[in-house]
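*Asks:* Dropping the sequence and predicted coords here.
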Amino acid sequence: MTVQTERPPSGPAVALKTDGGGPARPGKRAGALAPYLLLLPAVAATVLLLGWPLVKDGLLSFQNLNMGQLIQHVTEWNGFDNYQETLTSPDFWRVTGRSLVFTLVNALLTMGLGTLVGLLLARLGRRMRVLLLVGLVLAWAMPVVASTTVYQWLFAERFGVVNWVLDRLGRHSMADYSWTGSQLSTFFVVTVLIVWQSVPFVAINLYTATTTIPKELYEAASLDGAGPWKSFLSVTLPYLRPFLYATTFLEVIWVFKAFVQVFNINGGGPDRLTEILPVYAYIEGVGNQHFGMGAAIAVLTILILLALTAYYLRIVLKQEEDEL
Amino acid sequence: MKRRLIAAIGVAGMLVSIAACGSGDGGGKDEKAGADGYKGQTLTVWAMDGSTPDTWQKDVTAAFEKKTGAKLKIEIQQWNGIQQKLTTALSEQNPPDVFEVGNTQTPAYAKTGGLADLGDLKSTIGADWAESMNKSAVSDGKQYAAPWFVVNRVVIYNKKIWADAGIKDLPKTRDEFYKDLQAIGKKTDAEPIYLPGQNWYHFVGLTIGEGAELVKKDGGTYVSNLADPKVAAAMETYKKFQALSKAPKDKDEATPQQAEVFAKGKTGAFIGMGWESALAIKANPKIEKEIGYFTIPGATADKPEGVFLGGSNLAVAAGSKKQGLAKEFLKLALSDKFEGELAKEGGVIPNKEALQSNLKGNAAAEAAAPAAAGGGTTPLIPEWAPVENAPNPIKTYMTAVLKGKSPAAAAKQVEAEFDKRLSQKQ
Amino acid sequence: MKRSLFGRAWPNVTAVILFAGFVFPVYWMFSTAFKPTGDIISENPVWFPTDITFEHFRTAVGADHFWTLVRNSVTVTVLAVVFSLLIGLAASFALARMRFKGRRGFVIGFMLAQMAPWEVMVIAIYMIVRDASMLNSLVPLTLFYMVMILPFTILTLRGFVAAVPRELEESAMVDGCTRAQAFRKVILPLLAPGLMSTSLFGFITAWNEFPMVLVLNKAPEAQTLPLWLSSFQTAFGDDWGATMAASSLFAIPILILFVFLQRRAVSGLTDGAVKG
């Protein structure tokens, strides 16, 4: 999906021919403005509706804004107090570390399993492939608000079907196991949910991508004496690399921002041990009605996400440069 | 900020209250004048889920629309997330005109300047409001809300299961209660009691029974008092009973809805509010004839268990542009007729002693009444409200103890979070 | 021989297991919704509902303003997706096909916009909308949802536009079409799968959004379905039957949309990704 991938070799050459520098044509001035005009609505909407809230959030992060101030529309500047308090709080750093591990684990699991399922799809016969595709699409299409509700029911302590199955399998201690009772088990449920939801996207796309690999590449590889594993490494993987980069980037963003899943499953509990950054920002800001503090945490959250994706953004930056 | 707003509201309020006073004593004339003045307006009232029986809503709406000529819109709100919803609503141009606010949350809202001063209402209709209930509505000597009702919890039990276990008399003391539940566990295949780990209102009741305070003052600020041995004693009682239950240790009584578990007919008892039996009956109509109620027994037979008086006040938004109409509604809703009807229909304790006769014949209310006198609330301080925001540190404390921590260690575990919330900047 | 039988069997066996794993939560949602409460809260799960009841669906649909919320959700979602496709297409065409100063900056800008954690900005958004006196209206919701899905739309469509062979466009222009005509007659039809797959993502995002509508629209008439679903969870606690019925109703439109668009969309999606 996204795109930031290599262009087919012919692309740039053609591009140069059409748009490139050639002798000045009539109407060139208008032509030079065209891209900006085409971009204008999108840029304007984004600046207005995303940029403005961002700036507002930045302003709020320097304010002491609680119930009283909000109700009475009072602005009380308090400098860097919110940042100071947040950055010196061990909680914040614990949550940050947890967020990073959470994002890494989920993104890796999703990408790993998604790739395996995608390769499996490529191996299956037509009927089995359609069957599995149907399953994947159903899971993929479940709206997240609905699926968190369903997962709560699956993992319910009493009458939940997961506990019943575990009990039947001989793990009797699991008969009334509370999945939301500990940090690890809560993360387990959230992770199963996220992976279940995200694998279809990766798998289906990867499968479709493999179908576009020219057969000749494999033939050439086997002529060189490559086995299935070797040809996977030398043909499939390099061909899919840009796709894998782009998908991993998206998964990292989505997992990092998995607010609804974490919040709905257990509210960041037990004992605030499963709060990831967006949940922490919400609970400190909106939940505790400490809105200025919440805004400061939001700003820090954005910075951390930027740092997390910086590597990929740099690749894109270079790639775009090469293209032009 | 505050000055400008309060001044504006004060003037508006005065104008309206003068108008209202002018015609206050001449019944018929008042109605007519009102009918012309309020026609075409709509008053929005936020009531909490479970507070207002349907018939009460219907009756009060009819009476209000007849009396004032204005429309009444009662919007039912969920408890979950209500503080955030209310705070933002009060900051808006068109806040709800009248709203129900929990007694433990009232002081914090009083402090925000979001509530209109109801001093005049207190002096016109509030002379006989129960003093104990009015406490939460007064802040710094000012009347910020009107007491509406309180409820306290009782034991709701399954008569058939208790009979199957061979129990003849209802328990009078905590020990008898425990022995009866044990007997149910031994002699029947039912779960003796359904008590989830985070029924924190019941726990607060137990601390009141022990005479414990949840917070204490340390210098100028409030801090956690969970380390108090009396709190630990209350928690030990809770733990002892909770051990008889298979209910989750980290959930409150609404997940799953305890009444619905009870409705299955395989639970001996649960601790809940009278109206919860209606939920059970809705889930399983056959359960109705098996439901009984009794007062939560205390340590000794002469004194019932301490209970949390979960109450609600009615407040008027300072930002409402319909101050006069809002007060008309309060006068009506809090009148003997409708306050009495609320008590009768909902089985809640009304705001005046004189109206308590309405509770006669309501089995749940009769079981609740003996304990109400010894009941109490969480500390009525503005600093309290943040404590109730999820994740509530008291719930965390309870789960920690139930999962094996000593009360002292659990108190230490949540102390930082508790203190942080109590000291949160306002 | 034995080995090759095993070799042929394991992908199929794995596929069946995976299928079961992916489908089960969806199946369990629907089946719970149709079961009487007694079968739901039961010591032994009832795997196949025998006693079908519509009771839970009645409870779910019987909620106040249900149909208003459906209308609101559909309006907001459809408008947000359509607007974002319109302005997204224009932008993606520029980014994919034209050379101009700052192109790279725009691409990076939209990638950054895609990362915006909207949930943590709700209070800032709330205060902006409140001070503009636009609360309890579908207009801000539509606009914000549009911007929420816009970066993804642009970046994905850019891939699709780039995948359309330039020669086609050129030959159309040689045949006397203007650039706009060439776009409309040649590129647009080829972009159909791309538009569909992009819109799917937009539909899901807008259909699901709930932290924002929660603070912006308190009036019940101005709310959307995710709020109804979550209020259900709190109001009914663990009335799993009603909650699952509500979840089912909520999921059905998206499920249908997916099944309907799936084939073209899915293949389209990767075309965009890989060939982009």
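*Replies:* Looks like it came in fine.
*Asks:* so residue B:268 touches residue B:184, yeah?
*Replies:* Yes. Using Cβ atoms under 8 Å as the test, residue B:268 is close enough to residue B:184 to be in contact (4.4 Å). All C-beta atoms are positioned from the backbone trio N, CA, C, and that covers glycine.
*Asks:* so what's in contact with these two at the same time?
*Replies:* B:161, B:162, B:165, B:190, B:192 (Cβ atoms under 8 Å, 6 or more residues apart in numbering or on different chains).
*Asks:* backbone phi and psi for residue B:294, please?
*Replies:* Residue B:294 adopts backbone torsions of phi -150, psi 160, taken as degrees, to the nearest 10.
*Asks:* Chain C contacts on the stretch 201-350 of chain B?
*Replies:* Listed as neighbours of chain C in the stretch 201-350 of chain B under the rule Cβ under 8 Å from any Cβ of the partner chain: B:254, B:255, B:256, B:257, B:260, B:261, B:264, B:283, B:284.
*Asks:* Need the phi and psi values for residue 257.
*Replies:* Went with chain A since none was named. The phi/psi pair for residue A:257 (degrees, to the nearest 10) is phi -100, psi 20.
*Asks:* hmm, I had chain B in mind actually
*Replies:* Here is the backbone geometry of residue B:257 (degrees, to the nearest 10): phi -60, psi 120.
*Asks:* picking up where we left off before, what subset of the shared contacts of residue B:268 and residue B:184 is buried?
*Replies:* In these, burial by neighbour count holds for B:161, B:162, B:165, B:190, B:192, counting by 16 or more other Cβ atoms under 10 Å in any protein chain shown.
*Asks:* so what secondary structure elements neighbour whichever strand or helix holds residue B:109?
*Replies:* Using DSSP states H and E, residue B:109 falls within helix B:106-112. With contacts taken as 3 or more Cβ pairs under 8 Å, 6 or more residues apart in numbering or on different chains; DSSP states H and E, helix B:106-112 sits against helix A:67-72, helix B:82-90, strand B:138-139, strand B:310-316.
*Asks:* Could you look over those and pick the most buried one?
*Replies:* strand B:310-316 (a mean of 26; mean count of other Cβ atoms under 10 Å in any protein chain shown).
*Asks:* can you give me the offset of that one from its chain's centre?
*Replies:* 8 Å (Cα atoms, centre = their mean, to the nearest Å).
*Asks:* what packs against that strand?
*Replies:* Using 3+ Cβ pairs under 8 Å, 6+ apart, strand B:310-316 sits against strand B:98-102, helix B:106-112, strand B:146-151, helix B:323-333.
*Asks:* Export the ones you listed to CSV and append columns for mean neighbour count.
*Replies:* CSV is the format used below for those (neighbours: other Cβ atoms under 10 Å in any protein chain shown):
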stretch, mean neighbour count
strand B:98-102, 25
helix B:106-112, 24
strand B:146-151, 26
helix B:323-333, 23
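*Asks:* Quick one: closest of the ones you listed to residue B:178.
*Replies:* strand B:146-151 (24.7 Å; Cβ to Cβ).
*Asks:* just to revisit the earlier point, could you identify which of the residues of the stretch 201-350 of chain B next to chain C has the most neighbours?
*Replies:* For these, counting by other Cβ atoms under 10 Å in any protein chain shown, the largest number of neighbours falls to residue B:261: 25 neighbours.
*Asks:* dump the residue contacts of it.
*Replies:* Contacts of residue B:261 (Cβ under 8 Å, 6+ apart): A:158, B:194, B:247, B:267, B:270, C:41.
*Asks:* where does the fifth one land in three-state SS?
*Replies:* The reference is to residue B:270. Look at residue B:270: counting by DSSP: H, G, I helix; E, B strand; the rest coil, its state is strand.
*Asks:* what's the spacing between it and chain C?
*Replies:* Separation of residue B:270 from chain C (Cβ to the nearest Cβ, to the nearest Å) stands at 13 Å.
*Asks:* I'd assumed residue B:195 was in contact with that residue.
*Replies:* Yes. Using Cβ under 8 Å, residue B:270 is in contact with residue B:195, at 6.8 Å.
*Asks:* how about CSV for the helices and strands packed on helix B:106-112, with distance to residue A:284 and mean pLDDT added?
*Replies:* Output for the helices and strands packed on helix B:106-112, formatted as CSV (distance: least, Cβ to Cβ, whole Å; pLDDT from 0 to 100):
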stretch, distance to residue A:284, mean pLDDT
helix A:67-72, 14, 92
helix B:82-90, 13, 92
strand B:138-139, 26, 90
strand B:310-316, 27, 93
